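Student: Build the 3D model from these lines:
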Amino acid sequence: MARLILTSRIAITTLVALLAWTGAAAAFEAEAQLHEAAKKEKDFTWYTAHYDSETAAAVCNGFEKKYAGVKCNYVRTTAQVAYQRVSQDMKGGLAIASVISSTDTSHHGKMKKDGWLQPYRPKNLGEQIGAFKPYNDPDDQFVATAAGLVLINYNSSLVPDKDAPKKWTDLLDPKWKGKVSIGHPSFSGYVGTWVVQMKKMYGWDYFKKLELNKPRIGRSINDTVTMLNAKESWVGAGPLATTLQSKDKGNPVAVGYPEDGAILMISPSSILKNAPAPNTAKLFMEYLLSRDANEIMVKFRQDPVNAHVKPLPGGRSIADVKTVRPSYEEIDKGIPEVKELFRDTFGI
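Tutor: Just a heads-up that it's a prediction; the model follows:
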């Protein structure tokens, strides 16, 4: 009887270990064949506004390590610049990038309408967090591969936590005059979405009042973190991930989750119709949704889109945060409108 129990325990232990190994090494359908096809293409180019340059590089490096024989070339810019690059390539008949990842969801809708994208439904789409599935294109021409938050960030060596802004309207307080930093909607998809949502919640008067505080205006949403670190500003409307990344490096920055809602950012990726490396592009789309890629993303404080990967300690899960977000239609119509209003109001 003792031998039988011991044998059973060994069998169970072996089975558990085997299942764990199988789960970790689980491949999507036809992964090996797609990898072989990608190796024949040798490399591909990825236009991306997702993350910062350091994170984009890490994602590319991770892809190359997982899929030997394939080189990943990333071009990290703001969303508007990424879209302009694709537009220029398409109009010039140039096939350069294979994958485009923008933080402005309306870009993907426009590219779909203009016939610049090709459909692909990732085989591992089942691992995507359920809350993000409604943001995938029903015709499989774009899929949500990144998520994040726009919230209030601040320099914690200048602003005690108790005095930090608690809601978006607090940035209008005259005590922050000359001390607020924001990005520009003509460059950043994150900023464009934030401006559309603020206009929706508070009207354009919000920005007329903010202008009285003479904010420092960068291009990228990430510029707010740079300005906080340099003490050029004290508070800002900035990104969760880049702020926490900077904090992890020892910089005195912190985040506040606005009582009136952090802006939920859903950022899609697409394969371009004229992709010079279509098989590598499909493999990369699979990778962006994979556990491997998402484990890299969370190390850089990005929010995971894979259901099996959890955020690092120190930041809240998106599921636990009050969030607000304009609809796709509001973003598509609103960003072009607010770009003009922003220039008129801030003169830049």
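Student: ranges for the helices of the chain?
Tutor: For the chain, the helices defined by DSSP state H occupy 2-24, 31-41, 53-66, 79-91, 105-113, 189-202, 205-211, 223-229, 240-248, 278-289, 291-299, 328-346.
Student: Which of those helices has the lowest mean pLDDT?
Tutor: The minimum mean pLDDT among the helices of the chain belongs to helix 2-24 (a mean of 39).
Student: and the chain, what are its domains?
Tutor: 31-146+266-315, 148-264+322-346 (automatic domain parsing).
Student: Dump these to CSV, plus mean neighbour count.
Tutor: No exception for glycine: its C-beta is placed from N, CA and C like everyone else's. Putting the domains of the chain into CSV (neighbours: other CB atoms under 10 Å) gives the following:
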stretch, mean neighbour count
domain 31-146+266-315, 19
domain 148-264+322-346, 20
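Student: how about the helices of the chain, which one is nearest residue 128?
Tutor: Nearest to residue 128, of all the helices of the chain, is helix 278-289, at 5.7 Å by CB to CB.
Student: What is the closest one packed up against?
Tutor: helix 31-41, strand 43-48, helix 53-66, strand 99-101, strand 143-155, strand 262-272 (3 or more CB pairs under 8 Å, 6 or more residues apart in numbering; DSSP states H and E).
Student: Out of these, which gets nearest to residue 93?
Tutor: strand 262-272 (12.9 Å).
Student: Summarise which helices and strands the closest one is packed against.
Tutor: Against strand 262-272 (3+ CB pairs under 8 Å, 6+ apart) you get strand 99-101, helix 105-113, strand 117-118, strand 143-155, helix 189-202, helix 278-289, strand 323-324.
Student: want to throw these into TSV with distance to residue 221?
Tutor: Formatted as TSV, the helices and strands packed on strand 262-272 follow (distance: least, CB to CB, whole Å):
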stretch	distance to residue 221
strand 99-101	15
helix 105-113	15
strand 117-118	25
strand 143-155	7
helix 189-202	4
helix 278-289	20
strand 323-324	16
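Student: With residue 315 as the reference, name the closest of the ones you listed.
Tutor: With CB to CB as the criterion, residue 315 lies closest to strand 143-155 of the helices and strands packed on strand 262-272, at 8.9 Å.
Student: How far does that closest one sit from its chain's centre?
Tutor: With CA atoms, centre = their mean, to the nearest Å as the basis, strand 143-155 stands 7 Å off its chain's centre.
Student: give the contact list for the closest residue to residue 78 other than its chain neighbours.
Tutor: With sequence-adjacent residues excluded and distances taken as CB to CB, 6 or more residues apart in numbering, residue 78 is closest to residue 187, at 4.2 Å. Residue 187 makes contacts with 78, 79, 80, 81, 219, 220, as judged by CB atoms under 8 Å, 6 or more residues apart in numbering.
Student: and the fifth one, how far is that from residue 231?
Tutor: By that I understand residue 219. Computed with CB to CB, to the nearest Å, the distance linking residue 219 and residue 231 is 20 Å.
Student: ok, now residue 316?
Tutor: 26 Å.
Student: Likewise for residue 86?
Tutor: In terms of CB to CB, residue 86 sits 37 Å off from residue 231.
Student: likewise residue 325?
Tutor: The gap separating residue 325 from residue 231 is 31 Å, by CB to CB.
Student: got the contact list for residue 330?
Tutor: Listed by CB under 8 Å, 6+ apart, the contact set of residue 330 reads 196, 200.
Student: list the contacts for residue 291?
Tutor: 127, 306, 308, 309.
Student: one step back: of all the helices and strands packed on strand 262-272, which one is nearest residue 61?
Tutor: helix 278-289 (11.8 Å).
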